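Enquirer: make a model of this:
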Amino acid sequence: MAAPLTGVLRQSGSLFALALDVFRALPKRPFQVKEFIQQAWFIASVTILPTALVSIPFGAVIALQLGTLTRQLGAQSYTGAASVLAVLREASPIVTALLIAGAGGSAICADLGSRKIREEIDAMEVLGISPIHRLVVPRVLASMLVAVLLNGLVSVVGVVGGYFFNVIVQGGTPGAYIASFTALAQLPDLWTAEIKALIFGAISAVVAAFKGLNAGGGPKGVGDAVNQSVVITFMLLFVVNFVITAVYFQVVPQKI
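Expert: Down below sits the predicted model:
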């Protein structure tokens, strides 16, 4: 019983130590601009289309559920407001986090894991090159940047998808749907969603880098590290999302 718990605590400490090393290495020069651009382009290329396609049903389901509920309560004029609020606050950061972790994070973990088993990481350390500064930091920053941009994309596509399904499928009023956008949502909701996406991107990249740099056992070990990184990232994202949401409701006054 004690051995598994000790292993979990050791792994958690190592992950936290890597996160500290990454953020300590952020201001170090020279900054790997080329690596950053390449990684940002790669993560964006593997996540933009899946994110847009996933955000459409998310917005549609939210609009359909809220449209039915508001019709039962006699508050159809607030369908747009509630849909925008749900998409902006929760759906867009969560969709962004899942896609960044599932597509971008797994690619980062597989890349670093393959470098590890080919002993490229050890060779860099022998040459005095920090793998964290050279490989991990550009990937973390690229993941954070792409997550923020994807969050905006999900928000727009989700709201448009919700509008389409509410107006076309449920026969809602287009003017009332659009006019009620700002009835419940406010600007701090957008900033909070972007901060969530930024943090989620950092967590996804750090966990993926940690599992990749500690991969072993050949190609099978790399595959196991990728699976573990995705699962661990999902668990951390939901916990962090709950904490940020709870703090947000305590700090930001809500519209009544």
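
Enquirer: and whichever strand or helix holds residue 20, what does it pack onto?
Expert: Secondary structure assignment for residue 20, by DSSP states H and E: helix 2-25. Packing contacts for helix 2-25, counted by 3 or more Cβ pairs under 8 Å, 6 or more residues apart in numbering; DSSP states H and E, involve helix 137-164, helix 187-213. No exception for glycine: its C-beta is placed from N, CA and C like everyone else's.

Enquirer: residues in contact with that helix: which ones?
Expert: For helix 2-25, contacts defined as Cβ atoms under 8 Å, 6 or more residues apart in numbering pick out 130, 132-133, 136-137, 140, 206-207, 209-210, 213-214.

Enquirer: same check, this time on stretch 122-132
Expert: Outside stretch 122-132, the residues that reach it (Cβ under 8 Å, 6+ apart) are 18, 21-22, 25, 121, 134-135, 213.

Enquirer: picking that back up, okay, the helices and strands packed on helix 2-25 in a markdown table with mean neighbour count next?
Expert: Shown next, in a markdown table, are the helices and strands packed on helix 2-25 (neighbours: other Cβ atoms under 10 Å):
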| stretch | mean neighbour count |
| --- | --- |
| helix 137-164 | 23 |
| helix 187-213 | 23 |
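
Enquirer: need these in TSV with distance to residue 80 and mean pLDDT, can you?
Expert: Formatted as TSV, the helices and strands packed on helix 2-25 follow (distance: least, Cβ to Cβ, whole Å; pLDDT from 0 to 100):
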stretch	distance to residue 80	mean pLDDT
helix 137-164	7	87
helix 187-213	14	87
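
Enquirer: make a markdown table out of the ones you listed and add distance to residue 93.
Expert: Below are the helices and strands packed on helix 2-25 laid out as a markdown table (distance: least, Cβ to Cβ, whole Å):
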| stretch | distance to residue 93 |
| --- | --- |
| helix 137-164 | 6 |
| helix 187-213 | 4 |
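
Enquirer: nearest to residue 237, out of these?
Expert: Minimum separation from residue 237 across these (Cβ to Cβ) falls at helix 187-213, 5.5 Å.

Enquirer: now the residue nearest to the spatial centre of the chain, nearest residue through space, not along the chain?
Expert: A centroid search over the chain (Cα atoms, centre = their mean) returns residue 97, at 2.0 Å, as the residue closest to the centre. Take residue 97 and drop its neighbours on the chain: the residue closest to it by Cβ to Cβ, 6 or more residues apart in numbering is residue 200, 3.8 Å away.

Enquirer: flag the helix or strand of the protein with the lowest per-element mean pLDDT.
Expert: helix 181-184 (a mean of 67; mean pLDDT, DSSP states H and E).

Enquirer: sorry, back to before: minimum distance to residue 178: which of the helices and strands packed on helix 2-25 has it?
Expert: It is, among the helices and strands packed on helix 2-25 and with distance given as Cβ to Cβ, helix 137-164, at 7.5 Å.

Enquirer: can you give me how far that closest one is from the chain middle?
Expert: Centroid separation for helix 137-164 versus its chain: 8 Å, with Cα atoms, centre = their mean, to the nearest Å.
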